[in-house]
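[1] Have a look at this prediction, sequence included:
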Amino acid sequence: MNLVLLFPEDLLAPDRARLAGRRLQHVREVHRAALGQELAVGLLDGNMGRGRVLRLDEEALELELALAQAPPPKLPLTLVIAVPRPKVLNRVVAAAASLGAARIVLLNAWKVEKAYWASPKMKPENLRQQMILGLEQAKDTVLPELRLARLFRPFVEDELPGLLEGGLGLMAHPGSGTPAPPIGATPVTLAIGPEGGWIEAEVQSLLKAGLQPLDLGPRILRTETALAALVGKLF
């Protein structure tokens, strides 16, 4: 936790906060904070700054706040990610938030098993918690927009073209042989398929919607590895 992320309900006053639970435990056991010490803090969807420890015990952490720093800007990036295996999902969502994606769409695909959608990890409260962990890691306060798209064709045909307006659409797919293009400040919509790649019908649908193929090379990467590699190449 590089940033202690605060929520509106933590505020006792505009310049005072009290928190408990996971964040209290982390500050005590990992930061090993002491009275008077300053911690990096930020208010969800608000500014960042410093919090001076006024109280720290087994029950609560109280901070005096000075929040004058704007959060880092989001990347002009929409990620469309085929739902990965449940044990991978948490890492992917946290990484996407940490990297600064403005929007995350979790999309169904032929190789996505139906059981993935029924996993407790797909519940909104878990996905939000993973994004919060990503913000804490990256020192950010603004959650990405999150969208679940259970139906591939309606999303690709009806919604994806609107996301592509005024920007560049890319489809990561092994074997396409197309390297990452220079993008500058252009908004990007990047679609990342299952670890075995999109099936041919999905490839054709994504191309028809306006995406361009993008190839990272001959190796087949795990979703979270491909995500980091692609964002690194593009931005």
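    All right, it came through fine. Numbers count the residues shown, from 1 in each chain.

[2] Over to the most centrally placed residue in the chain: give its phi and psi.
    The chain has Ala97 as the residue nearest its centroid, 2.1 Å off, counting by CA atoms, centre = their mean. Per-residue torsions, Ala97: phi -70, psi -40 (degrees, to the nearest 10).

[3] pretty sure it is in contact with Gln129, am I right?
    No - look at Ala97 against Gln129 with CB atoms under 8 Å: they stay out of range, at 10.6 Å. C-beta here means a position set from N, CA and C on the backbone, and glycine is covered the same way.

[4] Can I get stretch 102-121 in CSV? Just the C-alpha atoms.
    Extracted C-alpha coordinates of stretch 102-121, given in CSV (Å, rounded to 0.1, in the frame of the first residue of the first chain):
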residue,chain,number,x,y,z
ALA,A,102,-9.7,5.0,-17.8
ARG,A,103,-12.2,2.2,-18.5
ILE,A,104,-12.3,-1.6,-18.2
VAL,A,105,-14.7,-3.8,-20.0
LEU,A,106,-14.8,-7.5,-19.0
LEU,A,107,-16.1,-9.3,-22.1
ASN,A,108,-17.4,-12.7,-22.7
ALA,A,109,-15.8,-14.8,-25.5
TRP,A,110,-16.1,-18.3,-26.8
LYS,A,111,-13.1,-19.6,-24.7
VAL,A,112,-14.4,-18.0,-21.5
GLU,A,113,-16.1,-20.7,-19.5
LYS,A,114,-19.6,-20.0,-18.2
ALA,A,115,-18.5,-20.9,-14.7
TYR,A,116,-16.2,-17.8,-14.7
TRP,A,117,-19.2,-15.5,-14.7
ALA,A,118,-20.6,-17.3,-11.6
SER,A,119,-17.4,-17.0,-9.6
PRO,A,120,-17.6,-14.8,-6.4
LYS,A,121,-14.6,-12.9,-7.9
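
[5] chain center to it, what's the gap?
    Relative to its chain's centre, stretch 102-121 lies at 15 Å (CA atoms, centre = their mean, to the nearest Å).

[6] Tell me the pLDDT of Ala66.
    We have a pLDDT of 98 for Ala66.

[7] give me the number of residues near it?
    Neighbour count of Ala66, defined by other CB atoms under 10 Å: 14.

[8] swap in the one 3 residues further on?
    Gln69 has 14 neighbours, counted by other CB under 10 Å.

[9] can you check Glu59 too?
    By the other CB under 10 Å criterion, the neighbourhood of Glu59 contains 9 residues.

[10] Pull up the gap between the residue nearest to it when sequence neighbours are not counted and Leu133, please.
    Excluding the flanking residues, the one nearest Glu59 by CB to CB, 6 or more residues apart in numbering is Ala20, at 6.7 Å. From Ala20 across to Leu133, the span is 18 Å (CB to CB, to the nearest Å).

[11] In terms of neighbours, single out the busier of those two.
    Using other CB under 10 Å, the more surrounded residue of Ala20 and Leu133 is Leu133, with 20 against 12.

[12] Show me the chain divided up by domain.
    Domain assignment for the chain by automatic domain parsing gives 4-69, 75-234.
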